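Novice: Got a predicted structure plus its sequence, pasted below:
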Amino acid sequence: MLSRDILKKEYWDKQLTREAIAKKHKKSEAVISKLIKEYGLLKRKNGVKLRGKRGYVMPKEEREKHHFQPHAKRVVSIDPVTFEKVKVYRSLASTEEDGFISRNVRRAMNTGGVSRGFLWAREGFEEVIVRVAKRRGIEEKLRRLSVKKPKRSLLEKLYLKESMTAKEIGEKLGISKGAIAKYLMDYGLSKKKTIPVLTPKILKEELLSMSIEEVAKKYNRKVSTIKAYKGRWLKEEKICNQKR
C-alpha cells in the first residue's frame, strides 16, 4: 500500500499523472484514484492541486497557473466594419477583464454574431467567423444599429400630417417598417384603435340598458360575437348557481 507521503510527493510535487504513478508502482489506475481520494489529494480543475486543508493559501506559482489557464484556447476580438483583429485574449474568461460578458462572447463565437460591438472567434478561426458574419448580413445589421430613433415631431409630421404609411416612412428614413410601427406606438401616434375590454360583468350591466347591436358597436365587436358571449356566459352563470 502506498503511503500518503509518497503519493503526495509524486502527485503534487513531481506532478505525475495517475497513470504514471500506477505504472511505476505496478498498480491499477483505479487503485491510485481511490488512494488519492482517501488521502484528500484530489485535483482541482485546470490542473491546480487542492491541499485538502481548510484555510490553505495557494502558492503564487500555482495561483498564476490557475488564473492564466495555459491550456485554454485564445479568443480574438474582430472589428465588424474593417474585419481586422483588435485584441487577442488568453482565454474566454479573460475577456471579462475588459468588461465583456463571457457567455455573450461565447454565443457570438458560436453564431457569428456581435457582442458589445465586436465579432469574436477562437484564434485560427477568424476567417471562418468573418465569412459567416458576411453571409448573415453583418453590414446591414450594423447599419440598422447605428440608426438613431427619429424624433416625435418628425414622425408626427410624416405620419399624421402627410399621411405616409409606416412602410413609406421606413424607406425614407432607412429604417424597417416594424421599427417605425414600434416608434409610433411608443410616441402614442398609432392610428390603430384599441379594443375596449368586455368582461361578463360589464356585458351584463350594459345589456340592462342597451341592445345587443348597441353593445356590439360600442365595444367594436360583431353582433354574433356579443350573442355568443351572452349565451356562453349565461350558461356558465346558470351552472354556477346550480352548484351553489
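Specialist: Sure thing, it's come through. Since the structure is predicted, the reported quantities are computational estimates derived from the model, not experimental observations.
Novice: rest of the way, CA atoms for contacts and neighbours
Specialist: Fine.
Novice: Give me the distance between the nearest residue to residue 164 once chain neighbours are set aside and residue 152.
Specialist: Nearest residue to residue 164, sequence neighbours excluded (CA to CA, 6 or more residues apart in numbering): residue 158, at 5.7 Å. Relative to residue 152, residue 158 is positioned 10 Å away (CA to CA, to the nearest Å).
Novice: How is the protein divided into domains?
Specialist: 4-53, 75-144, 147-186, 200-243 (automatic domain parsing).
Novice: Now mean pLDDT, mean neighbour count and distance to residue 59 too, for the ones you listed, in a markdown table please.
Specialist: Compiled in a markdown table, these are given as follows (pLDDT from 0 to 100; neighbours: other CA atoms under 10 Å; distance: least, CA to CA, whole Å):
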| stretch | mean pLDDT | mean neighbour count | distance to residue 59 |
| --- | --- | --- | --- |
| domain 4-53 | 78 | 14 | 10 |
| domain 75-144 | 86 | 17 | 21 |
| domain 147-186 | 84 | 14 | 52 |
| domain 200-243 | 79 | 13 | 73 |
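Novice: Looking at the ones you listed, which is nearest to residue 61?
Specialist: Evaluated over those, closeness to residue 61 peaks at domain 4-53, with 10.1 Å, by CA to CA.
Novice: name the element the residue nearest the centre of the chain belongs to?
Specialist: By CA atoms, centre = their mean, the mean C-alpha position of the chain lies nearest to residue 104, the distance being 6.9 Å. According to DSSP states H and E, residue 104 maps onto helix 102-111.
Novice: got a list of contacts for that helix?
Specialist: If you take CA atoms under 8 Å, 6 or more residues apart in numbering as the criterion, helix 102-111 is touched by 92-93, 95-96, 113-115, 119-122, 129.
Novice: so what's the backbone phi/psi at the residue of the chain most remote from its centre?
Specialist: Most distant from the centre of the chain: residue 209, at 52.7 Å, with distances by CA atoms, centre = their mean. Note on residue 209: its backbone torsions stand at phi -120, psi -10 [degrees, to the nearest 10].
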